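In: Dropping a prediction and its sequence here:
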Amino acid sequence: EDVETREEATKAQLESSKEQLEATKAQLEALHASQDSASSTLASELSAARDELASANARLAELEDVETREEATKAQLESSKEQLEATKAQLEALHASQDSASSTLASELSAARDELASANARLAELEDVETRE
């Protein structure tokens, strides 16, 4: 009877151990399923985050390109302004030169007219003398 009792107790322990093993297997399978689901979710989130990062990097590159073009345009504008100022200075110098040349020509024309008038007067005198002779 003692052996039988021990045998039954051992069988009961064995049965309890089998049940615990099955429960542990079930928990392990549930844990694996949960881990698989979490891994899938994380992979999906990682993919979405990478897509967002790629999109943000592309937008950043666009903005940097726009900024670079804007800086180049500003530099061109500044260069154009400087060229315009240089052209204005040249035009002012040309106007001053033309004014000076006009003034010189006017003086020379006045002097030539005076000489012509004097020559005409002398010619008239000479013609008058010739006529009297």
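Out: Everything's here; your move.

In: low-scoring stretches of the protein, by residue?
Out: Filtered on pLDDT under 70, the chain yields no residues whatsoever.

In: how about the helices of it, start to end?
Out: All helices of the chain, identified by DSSP state H, fall at 2-132.

In: give me the number of residues near Gln98?
Out: Counted with other CB atoms under 10 Å, residues neighbouring Gln98 total 10. Glycine gets a C-beta too; all of them are placed from N, C-alpha and C.

In: Distance check, it against Val3.
Out: 138 Å (CB to CB, to the nearest Å).

In: likewise Asp65?
Out: 90 Å.

In: Of the two, which one has the most company?
Out: Neighbours per residue (other CB under 10 Å) separate Asp65 from Val3, with Asp65 holding more: 10 against 7.

In: That one and Ser16, how far apart?
Out: Taking CB to CB, one finds Asp65 at 72 Å from Ser16.

In: before we move on, what about Arg50?
Out: Relative to Ser16, and taking CB to CB, Arg50 is found at 50 Å.

In: what do you get for Ala101?
Out: Distance from Ala101 to Ser16, by CB to CB: 124 Å.
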